[in-house]
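Asker: Sharing a model prediction with you, sequence too.
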Amino acid sequence: MNPQSAHQPRILLIYTGGTIGMIENPDTKSLQPFDFDHLIDNVPKLRMLNYVIDNVSFNPPIDSSDMCPEHWEDICRVVENNYHLYDGFVVLHGTDTMAYTASALSFMLENLRKPVIITGSQLPIGEVRTDGEENLITAVQIAAAVDRHGDPMVQEVAILFENYLWRGNRATKRSADNFNAFKSHNYPQLAKIGLDINFDEDALFRHHNREPLKVHYGLDSSIVVIDLYPGLRKEALIHALDTPGTKGVVLRTFGAGNAPTSPWIAEALHHANERGLVVVNVTQCVGGAVVQGRYAASDALAANGVVSGADITTEAAIAKMMFLFGQGLTAAEVGRKMTQPICGEMSLPSSDE
Ligand code: ASP
């Protein structure tokens, strides 16, 4: 028996805004967020699914460029308050910061055993060629999908866009105009969407405990992100590391985690380390991993307390640091946890590191 046939799936849509629900401002011609009724009126096919579909909307809906940790908490609160009432959750969200939100939610929703599927679109739902209708319907179907035991097929935060379902904390927005706007360069797709929705069950996250959902609020955004580039000035680096109130740094390096070997860089990192800053090394490459020590050009980083983020994305590294500092952990604990996966956001570092 198909377990889905015995039960009418209950899905909660959480509308935060984004292009999917936007309309053109008649005066400026720029796209701006619009209300949920407009969005849902444009997807009459949702009714054909015969699911119970309820909704909650941000008031007002936002362009995801305005997304911030307080909004992540709002989304988590809706999931927590409705966790036992629905089989799955679909978050409608702008694409610009979708990967940050997906990463943050993955850390905040500990022991999640239901699908939280985030989607949006490149063209507004009211446009004839919109990708929003298909994305929304597919996301709802994925949120309702069950495995052969009748358990939710997806038990994690994931991003659905066009032809693929990606682990949320592994995905990156890779195109501002392609319908396949997201990709995970270091982790396989969770599902391929074509005529059917084909899940890769080996890639899906599964818990090894029986603990109930635990939602972590209180992120701490006392971090800075520093990009290395040829020509970076000493004053600029020192200024960034000295930003008042900073507890952690996501240092975006070259290739396998390399940096210029100028002594002032090592010195600046040494002082940062002495002041108790956690500095995590994340590569600027979209694929591959940091391996400190592979090149001499990363020796000074490791020697001055910089920890390796392995193959984590920048988005996930930022969200993870905010999450860990928000838990009130010491710098040493945050540094250690940045090197180990919590919920599938990074591959285990190889033993020679
Ligand atoms: N600026 C929009 C947003 O992120 C872009 C989109 O949704 O695709 O809200």
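Answerer: Structure's in. What do you need? Numbers count the residues shown, from 1 in each chain.
Asker: average model confidence for stretch 12-22?
Answerer: Averaged over stretch 12-22, pLDDT sits at 95.
Asker: same thing with stretch 99-107?
Answerer: Averaging pLDDT along stretch 99-107 gives 98.
Asker: Same check on stretch 289-301?
Answerer: The predicted model assigns stretch 289-301 a mean pLDDT of 96.
Asker: Could I get the buried residue list for it?
Answerer: When burial is assessed from 16 or more other C-beta atoms under 10 Å, stretch 289-301 yields the following buried residues: A289, V290, V291, Q292, R294, A297, S298, D299, A300, L301. In short, each C-beta sits where N, CA and C put it, glycine included.
Asker: residue boundaries of the helices in the stretch 1-150 of the chain?
Answerer: In the stretch 1-150 of the chain, the helices defined using DSSP state H, counting those that start in this stretch lie at 36-41, 69-82, 98-108, 132-144.
Asker: So which of these is the most surrounded?
Answerer: For the helices of the stretch 1-150 of the chain, average neighbour numbers computed from mean count of other C-beta atoms under 10 Å are highest in helix 98-108, which has a mean of 27.
Asker: how about that helix as PDB, C-alpha atoms only?
Answerer: Extracted in PDB, the C-alpha atoms of helix 98-108 (Å, rounded to 0.1, in the frame of the first residue of the first chain):
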ATOM      1  CA  MET A  98      17.900  31.600   0.200                       C
ATOM      2  CA  ALA A  99      21.100  29.600   0.900                       C
ATOM      3  CA  TYR A 100      21.800  31.600   4.000                       C
ATOM      4  CA  THR A 101      18.300  31.000   5.400                       C
ATOM      5  CA  ALA A 102      18.400  27.300   4.500                       C
ATOM      6  CA  SER A 103      21.800  27.000   6.300                       C
ATOM      7  CA  ALA A 104      20.600  28.900   9.400                       C
ATOM      8  CA  LEU A 105      17.400  26.800   9.700                       C
ATOM      9  CA  SER A 106      19.300  23.600   9.400                       C
ATOM     10  CA  PHE A 107      21.300  24.500  12.500                       C
ATOM     11  CA  MET A 108      18.400  26.000  14.400                       C
END
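Asker: helices and strands around it, which ones?
Answerer: helix 69-82, strand 116-119, strand 157-161, strand 172-173, helix 314-326 (3 or more C-beta pairs under 8 Å, 6 or more residues apart in numbering; DSSP states H and E).
Asker: In CSV: the ones you listed, plus distance to the ligand.
Answerer: Output for the helices and strands packed on helix 98-108, formatted as CSV (distance: least, C-beta to the nearest ligand atom, whole Å):
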stretch, distance to the ligand
helix 69-82, 12
strand 116-119, 10
strand 157-161, 10
strand 172-173, 8
helix 314-326, 13
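Asker: Tell me how many other residues crowd G150.
Answerer: Counted by other C-beta atoms under 10 Å, the residues lying close to G150 total 12.
Asker: pLDDT wise, what is it at?
Answerer: At G150, pLDDT is 95.
Asker: how about D151, what does it touch?
Answerer: With contact taken as C-beta atoms under 8 Å, 6 or more residues apart in numbering, D151 is in contact with R113.
Asker: what about it, distance to the ligand?
Answerer: Distance of D151 to the ligand, given as C-beta to the nearest ligand atom, to the nearest Å: 32 Å.
Asker: go on, P188?
Answerer: Noted for P188: a distance of 24 Å to the ligand, by C-beta to the nearest ligand atom.
Asker: Closest residue of this protein to the ligand?
Answerer: The ligand sits closest to G94 of the chain, with a gap of 1.9 Å, by C-beta to the nearest ligand atom.
Asker: Below-threshold pLDDT in the stretch 101-250 of the chain: ranges please.
Answerer: Within the stretch 101-250 of the chain, no stretch has pLDDT under 70.
Asker: The ligand contacts on that one?
Answerer: For the stretch 101-250 of the chain, the residues in contact with the ligand (C-beta under 6 Å from any ligand atom) are G120, Q122.
Asker: For R294, see how far away Q327 is.
Answerer: Noted for Q327: a distance of 31 Å to R294, by C-beta to C-beta, to the nearest Å.
Asker: Mind telling me what element L251 is part of?
Answerer: Using DSSP states H and E, L251 sits within strand 248-253.
Asker: what comes up buried for the next helix or strand after that strand?
Answerer: Using DSSP H and E, the helix or strand that follows strand 248-253 in sequence is helix 263-274. Neighbour-count burial for helix 263-274, counted by 16+ other C-beta under 10 Å, picks out I265, A266, A268, L269, A272, N273.
Asker: can you check stretch 233-246 too?
Answerer: Neighbour-count burial for stretch 233-246 [16+ other C-beta under 10 Å]: L237, A240, L241, T246.
Asker: The one helix or strand the first one maps to versus strand 248-253: what angle between them?
Answerer: For L237, the enclosing helix or strand under DSSP H and E is helix 234-241. Direction vectors for helix 234-241 and strand 248-253, defined by axes from the mean of the first three to the mean of the last three C-alpha atoms, to 10 degrees, enclose an angle of 140 degrees.
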